[in-house]
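1. Provide a 3D model corresponding to the input given below.
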Amino acid sequence: TGTPEGRAALAQEAVAAINDDVQLRKALKAAGDGPGGAAGRRAAVQRLLDLCQTEAAQHEEDILATVQGGEEGQESLDLALTAATDMTDRLKTFSSRAVELRGFVERLRRETRPLEHAQEHVTLSILAVKNP
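-> Here you go, the predicted model:
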């Protein structure tokens, strides 16, 4: 906007924005109809400019807060993913150990069956000797 062409382009954009905004046109007309005319319009434009800058600053703060919240949310998701991965690893280890234990139990049952049959045979033999 340092050149005359830039200032003219900015002025055209400002006029177009004002013409597109009915409420703004009404506010400027009301400000210009009062005492002071052009000075009233300038003051109205300055108030609107200040309001827009305040709103822009608030929106910027909201955007920064949203971005920060997103970063914190991402950190939470990363922690949850790490915890889920750890739990999955533990579950795999538990499952594999459970399979091993089942195998040990089955082997123990197979190995103790002959002993159980022998115990039963001895018990029957003792009973037969005691009760002829």
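2. gap between residue 85 and residue 72?
-> 20 Å (C-beta to C-beta, to the nearest Å). Any C-beta I mention is one placed from the backbone N, CA and C, and that applies to glycine too.
3. what do you get for residue 120?
-> Going from residue 120 to residue 72 by C-beta to C-beta gives 69 Å.
4. and if you look at residue 17?
-> In this view, residue 17 and residue 72 are 37 Å apart by C-beta to C-beta.
5. one more: residue 30?
-> 47 Å.
6. same question for residue 92.
-> Look at residue 92 and residue 72: by C-beta to C-beta, they are 31 Å apart.
7. elements contacting the biggest helix by length in the chain?
-> In the chain, assigned by DSSP state H, the helix with the most residues is helix 38-130. Here helix 38-130 touches helix 22-33, going by 3 or more C-beta pairs under 8 Å, 6 or more residues apart in numbering; DSSP states H and E.
8. go again using 10 Å as the cut-off
-> Where contact means 3 or more C-beta pairs under 10 Å, 6 or more residues apart in numbering; DSSP states H and E, helix 38-130 is packed against helix 4-20, helix 22-33.
9. helix or strand with the lowest mean pLDDT in the protein?
-> helix 22-33 (a mean of 68; mean pLDDT, DSSP states H and E).
10. mind pulling up the pLDDT for the spatially most central residue of the chain?
-> Central residue of the chain (C-alpha atoms, centre = their mean): residue 73, 4.1 Å from the mean position. With respect to pLDDT, residue 73 has a value of 84.
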